[in-house]
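Colleague: I'd like to go over a predicted model; first the sequence, then the structure.
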Amino acid sequence: MEDGAASSQTPAELSPALRKAGEFRVYRRRWFVLCVLCLLNCSNSVQWLTFAPVADQTAEDLQVSLDEVNWLSVVYMVVAIPISFITTWMLDTLGLRLTMILGSWLNMAGSALRVVGVLSYVPEWSMFPVVMAGQSVCALAQPLVIFSPTKLAALWFPEHQRATANMIASMSNPLGLLIANVFSPMIISNTNSLLTLLIIYATPAAVVCFLATVGIREGVPPTPPSASAETSSSEPFIQGIKLLMKNKAYLILLLCFGSGIAIFTCFSTLLEQMLCVKGYSSDFAGLCGALFIVFGVIGAGLLGLFVDKTKKFTEATKINMCLTSLTCSVFAVVSQMREQKALVCAVCALFGLFGFAIYPVAMELSVECSYPVGEATSAGLIFISGQIQSIIYIVLLQALTKRLAGSPISLCATGGDANLSWKVPVLVMAGLCCVGSCCFVIFFHTEYRRLRAEADAAADASAQTGSERTRR
């Protein structure tokens, strides 16, 4: 394979001789498309978590309660579930380019609307509804962005780079969460202006919208990078859904990995509440969250490179799910201890290192076990499963908390109402993590259908080439 120049041909228009010879090409501009997707993914996740680290200031400026501020983040999960079905259809039917451009415009429009909501001439009673409307528009963009990495990796990258490309695009999302956690409090403390914060976050959204609209000229490269890229989305959307519902290996991955996504959502959402009652400050909880994300990105990078070289998708996923369950169990114990900052930080870092590393590999695994169903469909349904289970798990864990009569060491900012015992919920969270991992390890078995199809195509091409040489 070699880097080639742009062409107006699509894969469907390639000469039969090229297909028979098994000649595939990669293009340098695949890295530009990947970069745009990373920036868009990062920007959208920043919009998602803009207000959570500065909830008190947001509540004061918008004249609302903390519960209403929390809905600025929760709206992402609420919107994602119904929109995700449309997104999977769009990616596999209308293509990557249109989906990314639409996502970038929604992200920019939502970020701009949030700025309008805090302008001085806007009546106080309408500030929160306008900001919520902007946040909802940004939430519409999230599925368009999050579902794109597997599609981009399949269409633009050769088989030895797919897992790495998927990892880079996927991990830009938690990187955006890290940026919001670090810079939102920093900007507010220095400027004391919510308007300044929203303008700063709207600027990258506008830049990436321009790059996507002007820079991405085609959804697929002129020549496919692999045999599977030629037949990407070969199954119609509805037929693909039916095939997935009959695929035992995929259904196990759907439930078990969806549960894993839900565990991580619970951890990220409830971490500060779990720790503050034991005397750990919100700054320390923020540090633990940052370590969780940073080490997760490192783990994903290392595992992505390993899987690209070895193709051990199943083995890597099973081992990391077991290590994640072990770490989650340790966290359930450590989080109930007082004055153990170093230990809590170490466990959070390991939880991210093992857990985050699974995400891009499992998404690639979903494509391998469900091929030739479209990449967006197979990966999108797993995301939907994770969102649904996230809502169930969060409601369940909150329902299992118990009010403490008194907690003199508590540093929970909202006072006595936040003094809740999380002993039972964290144990249940660890139990759910272990059950999901055990079910996956025991019951999940699959062949790599996409890799097999590519190997068969390469063998056929070699045989045809040999026959032609013999005739000559």
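Modeller: All right, it came through fine.

Colleague: give the buried residues for stretch 378-397.
Modeller: 378-390, 393-394, 397 (16 or more other C-beta atoms under 10 Å). Bear in mind the C-beta positions are built from the backbone N, C-alpha and C, glycine included.

Colleague: I meant stretch 97-111, not that one.
Modeller: Across stretch 97-111, burial judged by 16+ other C-beta under 10 Å covers 97, 99-111.

Colleague: can I get stretch 322-342 in PDB, CA atoms only?
Modeller: This file holds the C-alpha atoms of stretch 322-342, laid out as PDB (Å, rounded to 0.1, in the frame of the first residue of the first chain):
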ATOM      1  CA  CYS A 322     -11.000  -9.000  34.700                       C
ATOM      2  CA  LEU A 323      -8.400  -6.400  35.900                       C
ATOM      3  CA  THR A 324     -11.000  -3.700  35.800                       C
ATOM      4  CA  SER A 325     -13.400  -5.700  38.000                       C
ATOM      5  CA  LEU A 326     -10.500  -6.400  40.500                       C
ATOM      6  CA  THR A 327      -9.700  -2.700  40.600                       C
ATOM      7  CA  CYS A 328     -13.400  -1.800  41.000                       C
ATOM      8  CA  SER A 329     -13.600  -4.200  44.000                       C
ATOM      9  CA  VAL A 330     -10.500  -2.600  45.600                       C
ATOM     10  CA  PHE A 331     -12.100   0.900  45.100                       C
ATOM     11  CA  ALA A 332     -15.200  -0.300  46.800                       C
ATOM     12  CA  VAL A 333     -13.100  -1.000  49.900                       C
ATOM     13  CA  VAL A 334     -10.600   1.900  49.700                       C
ATOM     14  CA  SER A 335     -13.300   4.600  49.100                       C
ATOM     15  CA  GLN A 336     -14.700   3.800  52.600                       C
ATOM     16  CA  MET A 337     -11.400   4.500  54.300                       C
ATOM     17  CA  ARG A 338     -10.300   7.800  55.800                       C
ATOM     18  CA  GLU A 339      -7.100   9.700  55.100                       C
ATOM     19  CA  GLN A 340      -5.900   7.300  52.400                       C
ATOM     20  CA  LYS A 341      -5.300   9.800  49.600                       C
ATOM     21  CA  ALA A 342      -2.400   8.100  48.000                       C
END
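
Colleague: got the contact list for it?
Modeller: For stretch 322-342, the surrounding residues in contact (C-beta atoms under 8 Å, 6 or more residues apart in numbering) are 260, 263, 274-275, 278-280, 284, 343-344, 347-348, 350-351, 354-355, 358, 409, 422-423, 426-427, 429-430, 433-434, 436-438, 441.

Colleague: about what we covered before: and which of the buried residues of stretch 378-397 is nearest to residue 116?
Modeller: Of all these, residue 387 has the smallest distance to residue 116: 28.3 Å, by C-beta to C-beta.

Colleague: returning to that earlier point: and which of the buried residues of stretch 378-397 is nearest residue 151?
Modeller: Closest to residue 151, out of all of the buried residues of stretch 378-397 and judged by C-beta to C-beta, is residue 379, at 7.9 Å.

Colleague: list the contacts of that closest one.
Modeller: By C-beta under 8 Å, 6+ apart, the residues touching residue 379 are 147, 149-151, 363, 366-367.

Colleague: of the residues you listed, which belong to helices?
Modeller: Applying DSSP state H to these, the entries found in helices are 149-151, 363, 366-367.

Colleague: would JSON lines of those residues with neighbour count be doable?
Modeller: Shown next, in JSON lines, are the ones in helices among the contacts of residue 379 (neighbours: other C-beta atoms under 10 Å):
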{"residue": "149", "neighbour count": "30"}
{"residue": "150", "neighbour count": "28"}
{"residue": "151", "neighbour count": "30"}
{"residue": "363", "neighbour count": "28"}
{"residue": "366", "neighbour count": "28"}
{"residue": "367", "neighbour count": "29"}
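
Colleague: and which of the residues you listed is nearest to residue 170?
Modeller: For these, the nearest to residue 170 is residue 149 (4.9 Å; C-beta to C-beta).

Colleague: residue 385 contacts residue 254, correct?
Modeller: Yes. Counting by C-beta atoms under 8 Å, residue 385 does reach residue 254; the two are 5.1 Å apart.

Colleague: overlap in contacts of the two?
Modeller: With C-beta under 8 Å, 6+ apart, residue 385 and residue 254 have no common neighbours.

Colleague: before we move on, back to that, which one of the ones in helices among the contacts of residue 379 is nearest residue 62?
Modeller: Distances from residue 62 to the ones in helices among the contacts of residue 379, taken by C-beta to C-beta, are shortest for residue 149, at 33.7 Å.

Colleague: what about that closest one, distance to residue 178?
Modeller: Separation of residue 149 from residue 178 (C-beta to C-beta, to the nearest Å): 18 Å.

Colleague: does residue 153 belong to a helix or a strand, and which?
Modeller: Take DSSP states H and E as the rule and residue 153 turns out to sit in helix 148-156.

Colleague: do a quick rundown of the strands in the stretch 201-350 of the chain.
Modeller: Here the stretch 201-350 of the chain has no strands by DSSP state E, counting those that start in this stretch.

Colleague: pLDDT weak spots in it?
Modeller: 228-235 (pLDDT under 70).

Colleague: rerun at 80
Modeller: Scanning the stretch 201-350 of the chain for pLDDT under 80 picks out 226-237, 269, 272-273, 281-283, 285-286.

Colleague: before I go, just wanted to say thanks for your time.
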